[in-house]
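Participant: take a look and give me a structure for this.
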Amino acid sequence: MSAFSVSRRRTLAAVASVGTLGSLAPIVGAATSVRIGQSLPLTGPLGSVVKPIAEGQKALLDELNAEGGVRGARIELLTLDDGAQPDSTAANTRRLIEDESVTALFGYAFVPGLLRALPLANEKGVPLLGVYNGADIARTPANPSLFTTTASLADEVAAMVRNLASLNTRKFALAFQNNELGSYMRPLVEAAVQKHQGSLLATVPLQPDGSNAAQAAQEIAARAPEAILLLAAGAPVLGFMKALTPSARVSVYALSLAGTTALLEQIGPAARGMAFTQVVPFPLRQTTPLTRRFTAAMTKAGLAPTYDRMWGYLNASVLAETLRRTGPNPTPASVYSTLEKMSDVDIGGYRLSFGPNRHHGSSFVEITVVDQYGKFLR
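Facilitator: Next up, the predicted model:
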């Protein structure tokens, strides 16, 4: 079966309200469903990464749909598999816009595919809400269709260095993924370290397949830094952490995109003590309406309350709130207009702010640490 044939498989999920949407009476003449389009790498190298995200989305959408949807309209999430192939992401996006006539695009994850999809979304005037990455290279005025719900990678890097500086850490080493994203992040790190009167003792690229991870770990350990910024994901993170000897272990800070359930399980005991930035609320304590609803939804679905599932649940919650505010019979233009007017949004304790010149709704970042059981602590 070809990659494009696989990508045509559809997952239909129905959406539900975050607050009292289920109590809103259907409006005479209103649509009975709203179609939302998504391209995700459900198969291929990122399949295990996006699976829990998709589970979080589905939990919220099923819950909302069971309550009657938004203003009486069910939300159909048409999810096509792109297998982490940029060409397939682009083809899926074209199909969703031109053949499926979706009202909005939602929840893309694969950065190279996102960069291929955005020009089409921009051209067609279809908003894309809530991506599962913090890639700053996509968050530019050249992509007016994109609205994000979580902090950028630049926000995460700034939080890492700021936190370490508060602990009187001044000697850093950087291991970064050797691709466009890593190259973009390197000067961000250099600027943040300089701002806090620190120094970079080593700057080492990591091949995306992890082939030089052990060598990179040795090179950095030889420079004896006080902290390591590990700005990569997947195989290079796994190889790097496995290669660090106990005598070379210092504070290792990694990005939220690296702290997936699947990767932590693979790293095993070597993950103990790692610090990760997080861009969504802590999922293990029921301290806000959002986390209480999330915990209840995970319990009902028989799933563990993890960060990746929280991200899916949160993004779907923002989608639902956007459609609620848009009103009956939403169109791409009306959804876009609504998003630009959402200047003060409270999703059960998680706040966002959009505007005509602000399409990136949150800069929230916090630091967590992995304990001896492979669980996150705040």
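
Participant: can you classify the spatially most central residue of the chain as helix, strand or coil?
Facilitator: By C-alpha atoms, centre = their mean, the chain has its centre lying nearest to Tyr132, at 2.6 Å. Secondary structure state of Tyr132, per DSSP: H, G, I helix; E, B strand; the rest coil, is coil.

Participant: roughly how far apart are it and Pro41?
Facilitator: From Tyr132 across to Pro41, the span is 10 Å (C-beta to C-beta, to the nearest Å). From N, CA and C alone the C-beta is placed, and that goes for glycine too.

Participant: so what sits against both of the two?
Facilitator: Residues touching both Tyr132 and Pro41 by C-beta atoms under 8 Å, 6 or more residues apart in numbering: Val50, Ala109.

Participant: element containing the residue lying closest to the residue nearest to the centre of the chain once chain neighbours are set aside?
Facilitator: Distances taken as C-beta to C-beta, 6 or more residues apart in numbering place Ala109 nearest to Tyr132, at 3.9 Å, with adjacent residues excluded. Take DSSP states H and E as the rule and Ala109 turns out to sit in neither a helix nor a strand.

Participant: ok, Ala109 - contacts?
Facilitator: Leu40, Pro41, Leu46, Val49, Val50, Ile53, Val131, Tyr132, Asn133.

Participant: hmm, try it at 7 Å
Facilitator: Leu40, Pro41, Val50, Val131, Tyr132, Asn133 (C-beta atoms under 7 Å, 6 or more residues apart in numbering).

Participant: Pro86 now?
Facilitator: With C-beta under 7 Å, 6+ apart, Pro86 has these contacts: Pro112, Gly113, Arg116.

Participant: what's opposite Leu40 in the beta bridge?
Facilitator: For Leu40, the beta-bridge partners under DSSP bridges are Asp81.

Participant: what's the helix or strand that contains Gly56 packed up against?
Facilitator: Per DSSP H and E, Gly56 falls inside helix 47-66. The contact analysis (3 or more C-beta pairs under 7 Å, 6 or more residues apart in numbering; DSSP states H and E) places helix 47-66 against strand 10-14, strand 74-81, helix 261-267, helix 289-301, helix 307-326.

Participant: at 10 Å what do you get?
Facilitator: Contacting helix 47-66 under the criterion 3 or more C-beta pairs under 10 Å, 6 or more residues apart in numbering; DSSP states H and E are the following elements: strand 10-14, strand 33-40, strand 74-81, helix 261-267, helix 289-301, helix 307-326.

Participant: give me the residues contacting the next helix or strand after the longest one.
Facilitator: Moving toward the C-terminus from helix 307-326, the first helix or strand encountered (DSSP H and E) is helix 332-341. Contacting residues not belonging to helix 332-341 are listed as 34, 36, 97, 101-105, 121, 124-127, 129, 144-145, 147, 318-319, 321-328, 330-331, 345, 352, 354-359, 361 [C-beta atoms under 10 Å, 6 or more residues apart in numbering].

Participant: go with 6 Å
Facilitator: The contact list for helix 332-341, computed with C-beta atoms under 6 Å, 6 or more residues apart in numbering, reads Ala104, Gly125, Val126, Pro127, Phe147, Thr322, Arg325, Thr326, Phe354, Pro356.

Participant: need these in JSON lines with pLDDT and neighbour count, can you?
Facilitator: Formatted as JSON lines, the contacts of helix 332-341 follow (pLDDT from 0 to 100; neighbours: other C-beta atoms under 10 Å):
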{"residue": "Ala104", "pLDDT": "98", "neighbour count": "29"}
{"residue": "Gly125", "pLDDT": "97", "neighbour count": "13"}
{"residue": "Val126", "pLDDT": "98", "neighbour count": "24"}
{"residue": "Pro127", "pLDDT": "98", "neighbour count": "24"}
{"residue": "Phe147", "pLDDT": "98", "neighbour count": "26"}
{"residue": "Thr322", "pLDDT": "98", "neighbour count": "25"}
{"residue": "Arg325", "pLDDT": "97", "neighbour count": "16"}
{"residue": "Thr326", "pLDDT": "97", "neighbour count": "23"}
{"residue": "Phe354", "pLDDT": "98", "neighbour count": "24"}
{"residue": "Pro356", "pLDDT": "96", "neighbour count": "11"}
